[in-house]
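# Predicted coordinates and the sequence they were generated for:
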Amino acid sequence: MKVAVLGGGQLGRMLGLHGIPLGATFSFLEPGDAPPAGQVGSVVKAPYGDPAGLEAVASEADVVTYEFENVPVDAARRLESTVPVRPPPAALELAQDRLVEKEGFRSVGIPTADFHPVDDAGDVDRALACTGLPAVAKTRRFGYDGKGQAVVESADEAREFVGARGPGLIFETFVPFDRELSIIAVAGLDGDRRYYPLTENHHHDGILRFSFAPAPGLGEPVRARAETYAAALIDHLGYVGVMAIEFFQVGEDLLANEMAPRVHNSGHWTQDGAAVSQFENHVRAVLGLPLGDATARGHAAMVNLIGDVPRTRDVLDVPGAHVHLYGKRPRRGRKLGHVNVVGGDADEVMAGAVRVARLAGWEGPLPAPGGGG
């Protein structure tokens with residue numbers, strides 16, 4: 001069984017690490033030098049849209065998938081004519097444009113914050129009449145980890161953002177949410193569905209820093225609502241594989257913010273805290289194998305290692321800690337790895353996550369799981 005992956009970053013590497021024990025082999029299409037996925041498979045070095053590169057990476061593959069949502073949709077569709085592509089290219093198309101994404105959510109009954117497209121200064125007043133102030137101004141494409149977005153407090157700030165970033169923008173209502181949650185869902189080729197427990201996420205400067213699962217203090221209606229929304233999107237797209245949807249929780253309601261048609265940072269805890277990880281389940285799904293158990297094995301916390309890595313010896317001294325390094329060179333703001341802390345007691349897991357964060361040099365505020373922080 002050969003899996004061709006568009007993208008060669010750490011997510012591709014972890015797909016390989018969890019897929020190789022199943023007997024799968026991997027090839028990766030990646031334009032960058034020395035990608036992390038090169039540790040677990042062959043790498044074709046070429047742009048994502050390069051016809052020769054696409055042909056080479058998919059040679060003799062049983063399926064094509066991706067670990068990076070900004071792969072050109074046309075490239076995925078080109079491959080689809082000769083080899084199965086899972087998830088379908090329509091999922092890439094939805095995730096790549098924030099306006100299309102929000103419209104797609106609403107078309108299947110998933111609520112979002114109010115939004116309005118903006119291309120020039122003439123659109124600002126109409127957009128703010130829809131969203132109110134403050135508003136979140138975003139580029140529609142190629143934004144991740146907080147890039148390409150800002151909170152605007154006035155019409156003048158909004159026009160300045162448009163002048164600097166436009167056209168191709170979207171304004172959204174600023175949501176005073178209780179907390180951020182995500183659901184990791186997996187859909188099998190045979191129609192089977194599995195849902196991991198909802199995860200509570202804490203960001204700083206737009207980058208995910210901490211995740212806790214299962215999300216503490218979560219009511220059954222919220223969990224059921226998240227699964228219903230994920231199922232609606234899976235049905236709409238004819239989806240196969242792992243999907244992540246990020247939500248704002250406001251009381252008992254959920255507002256969808258973004259989706260990712262791939263394995264996701266907020267699901268990294270599943271490597272050590274779930275019966276079967278999101279990575280193994282994605283490989284199982286796209287190859288048409290039976291899906292694995294998505295239940296949690298206790299409590300888990302994930303701490304991202306950003307810009308620098310603490311001594312492995314020190315981290316492993318923390319009870320329940322598991323280190324996952326990506327083999328990337330340190331650079332300010334770069335995700336270099338993560339640590340999962342797992343155990344049967346939620347307070348002990350949280351304390352372990354705090355120790356890891358301090359070892360990693362984190363000087364910012366510590367999260368208060370359950371809606372604070």
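Good, I have the coordinates.

# pLDDT score assigned to Ala294?
pLDDT recorded at Ala294 is 98.

# likewise Ala34?
93.

# Would you list the phi and psi of it?
The phi/psi pair for Ala34 (degrees, to the nearest 10) reads phi 50, psi 60.

# Can you tell me, leaving aside adjacent residues, what's nearest to Ala4?
Ala61 (3.9 Å; CB to CB, 6 or more residues apart in numbering). C-beta coordinates here come from the backbone N, C-alpha and C atoms, glycine included.

# The one you found contacts Val5, doesn't it?
No - Ala61 lies out of contact with Val5 (CB atoms under 8 Å); the separation is 9.3 Å.

# which of these two has more neighbours?
Val5 (32 against 21; other CB atoms under 10 Å).

# what distance separates the helix or strand encompassing that one from the centre of its chain?
Using DSSP states H and E, Val5 maps to strand 2-6. What separates the centre of strand 2-6 from the centre of its chain is 19 Å, taken as CA atoms, centre = their mean, to the nearest Å.

# by contact count, what packs against it?
helix 10-19, strand 25-29, helix 51-57, strand 63-66, helix 73-80 (3 or more CB pairs under 8 Å, 6 or more residues apart in numbering; DSSP states H and E).

# what mean pLDDT would you report for that strand?
98.

# who does that strand pair up with?
strand 25-29 (parallel), strand 63-66 (parallel) (DSSP bridges).

# The closest residue in space to Leu254 that isn't next to it in sequence bridge partners, please.
Setting aside the residues directly before and after it, Leu254 is nearest to Phe247 in space (CB to CB, 6+ apart), at 4.3 Å. Applying DSSP bridges to Phe247 gives these bridge partners: Leu181, Ala256.

# roughly how far apart are the most centrally placed residue in the chain and Thr312?
Computing the C-alpha centroid of the chain and ranking residues by CA atoms, centre = their mean puts His264 first, at 3.3 Å. As judged by CB to CB, to the nearest Å, His264 and Thr312 stand 25 Å apart.

# same check, this time on Val276
When CB to CB is the yardstick, Val276 and Thr312 sit 26 Å from each other.

# and those two? which has more neighbours close in?
The residue with more neighbours, out of Val276 and Thr312, is Val276; 18 against 13, by other CB under 10 Å.

# Just the strands from the stretch 251-373 of the chain, written as ranges.
253-260, 299-306, 321-325, 335-343 (DSSP state E, counting those that start in this stretch).

# from those, which stretch is densest packed?
strand 299-306 (a mean of 26; mean count of other CB atoms under 10 Å).

# what angle do it and strand 335-343 make?
Interaxial angle, strand 299-306 versus strand 335-343 (axes from the mean of the first three to the mean of the last three CA atoms, to 10 degrees): 160 degrees.
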